[in-house]
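Asker: Build the 3D model from these lines:
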Amino acid sequence: MLLSKYKKKIYSLYSRKKKNGGRNNRGRITVAHQGGGHSQLYRTINFQETFEKGIVINIEYDPNRSAHIAKLYSIDSNKNIKFNYIIAPKNLKILDVISSANNAIFISNNEENTEKQVGSFYYLKDFAVGDFIYNIELSSNIGGQFVRSAGAFAQVIQKQENFVTVRLPSGEQRMIPELCKACYGLVSNENHANVVIKKAGRSRWLNIRPTVRGVAMNPIDHPHGGNTSGGIHPKTPWARLTKGRPTRSLKKKNKLIIKSAKNRNIN
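Answerer: This is a model prediction of the structure:
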């Protein structure tokens with residue numbers, strides 16, 4: 001997917017992004033390895049599809065996420081011109097028409113063969129079994145929350161009364177109400193995982209500070225510290241077991257989750 005070379009900033013879609021270096025309101029580091037980085041503006045993404053129909057006029061890079069974004073041009077019922085950003089799917093082209101779920105577009109050559117427009121919003125009940133989707137709502141009209149990173153996709157695997165079963169990228173199978181919305185297709189920039197940083201300076205541009213190994217610390221700073229690396233199970237700096245131990249609460253059981261991620265037993 002080629003990014004648009006010529007683009008004009010629509011300042012109503014931009015907002016100031018304050019940096020905190022991974023620190024909370026008390027000044028304590030709560031997210032490690034953050035700091036510095038190039039100055040950025042936040043692009044407001046329309047996850048709730050508040051437009052009816054829009055035409056893709058640009059496909060752009062977004063420094064705040066791994067996926068590319070698409071700029072839409074639309075005219076509302078009062079004949080006002082509006083612009084929106086959405087997460088761009090794979091194979092989206094300039095001048096494609098993106099629709100909301102209430103004005104869903106179905107491309108068809110005949111009555112038997114109908115296709116959905118890549119990037120458009122649809123209700124989950126409108127998808128067929130096997131369709132690839134992204135930007136999925138968990139509750140009606142709250143906006144997409146799941147499957148938004150580069151190259152990600154979920155798949156519809158079963159349709160039931162009032163619910164649709166979806167397989168998420170983690171392997172989890174979850175039932176979602178059929179009146180929730182999702183976008184058709186796969187998220188763009190699937191080669192993001194293959195990017196090689198090459199030098200430390202580029203990581204600093206991306207707001208990433210160096211990571212220090214636990215075995216290189218003192219015992220007071222890390223459970224692995226003290227110039228030894230044997231005889232202890234890998235732990236976090238707060239002495240919690242790591243290496244993939246499930247952290248989801250056993251007391252809070254979600255009946256909508258049919259199969260947990262990667263066959264983990266959390267019950």
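Asker: just the strands in the stretch 51-200 of the chain please.
Answerer: 53-60, 69-75, 81-87, 97-99, 106-108, 114-116, 121-123, 132-134, 154-159, 163-167, 173-177, 181-184 (DSSP state E, counting those that start in this stretch).
Asker: Pick the most buried one from those strands.
Answerer: strand 181-184 (a mean of 26; mean count of other CB atoms under 10 Å). All C-beta atoms are positioned from the backbone trio N, CA, C, and that covers glycine.
Asker: Would you list the strands that it pairs with, along with their directions?
Answerer: Using DSSP bridges, strand 181-184 pairs in its sheet with strand 121-123 (antiparallel), strand 132-134 (antiparallel).
Asker: In JSON lines, list these along with distance to residue 243 and mean pLDDT.
Answerer: Formatted as JSON lines, the strands paired with strand 181-184 follow (distance: least, CB to CB, whole Å; pLDDT from 0 to 100):
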{"stretch": "strand 121-123", "distance to residue 243": "39", "mean pLDDT": "93"}
{"stretch": "strand 132-134", "distance to residue 243": "29", "mean pLDDT": "95"}
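Asker: Tell me which of these sits nearest to residue 173.
Answerer: Comparison of these against residue 173 by CB to CB identifies strand 132-134 as nearest, at 13.9 Å.
Asker: Can you get me the centre-to-centre distance for the closest one and its chain?
Answerer: Distance of strand 132-134 from the chain centroid (CA atoms, centre = their mean, to the nearest Å) equals 12 Å.
Asker: circling back: and of the strands of the stretch 51-200 of the chain, who's closest to residue 241?
Answerer: strand 173-177 (26.0 Å).
Asker: what helices or strands is that closest one leaning on?
Answerer: strand 163-167, strand 257-259 (3 or more CB pairs under 8 Å, 6 or more residues apart in numbering; DSSP states H and E).
Asker: Next, format the ones you listed as TSV and append mean pLDDT and distance to residue 6.
Answerer: Output for these, formatted as TSV (pLDDT from 0 to 100; distance: least, CB to CB, whole Å):
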stretch	mean pLDDT	distance to residue 6
strand 163-167	95	38
strand 257-259	87	46
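Asker: For my notes, please list those strands in JSON lines and give distance to residue 106 for each entry.
Answerer: Shown next, in JSON lines, are the helices and strands packed on strand 173-177 (distance: least, CB to CB, whole Å):
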{"stretch": "strand 163-167", "distance to residue 106": "18"}
{"stretch": "strand 257-259", "distance to residue 106": "29"}
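Asker: so which of those comes closest to residue 132?
Answerer: Nearest of these (CB to CB): strand 163-167, 10.2 Å.
Asker: Going along the chain, name the helices of this protein.
Answerer: Counting by DSSP state H, the chain has helices at residues 200-205.
Asker: related to what we said a few turns ago, for the helices and strands packed on strand 173-177, which one sits closest to residue 187?
Answerer: Of the helices and strands packed on strand 173-177, nearest to residue 187 by CB to CB is strand 163-167, at 14.9 Å.
Asker: residue closest to the middle of the protein?
Answerer: The chain has residue 148 as the residue nearest its centroid, 2.2 Å off, counting by CA atoms, centre = their mean.
Asker: what about this structure, any weak spots by pLDDT?
Answerer: Low-confidence segments of the chain (pLDDT under 70): 108-114, 228-230, 262-267.
Asker: rerun that using 90 as the cut-off
Answerer: Scanning the chain for pLDDT under 90 picks out 1-9, 17-19, 48-53, 75-80, 99-117, 140-141, 161, 214-215, 224, 226-267.
Asker: Now render the strands paired with strand 181-184 as a markdown table, adding distance to residue 160.
Answerer: Converted to a markdown table, these look like this (distance: least, CB to CB, whole Å):
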| stretch | distance to residue 160 |
| --- | --- |
| strand 121-123 | 15 |
| strand 132-134 | 17 |
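Asker: For residue 97, give me its contacts.
Answerer: 53, 54, 55, 56, 105, 117 (CB atoms under 8 Å, 6 or more residues apart in numbering).
Asker: Recalculate using a threshold of 7 Å.
Answerer: Neighbour list for residue 97: 53, 55, 105, 117 [criterion: CB atoms under 7 Å, 6 or more residues apart in numbering].
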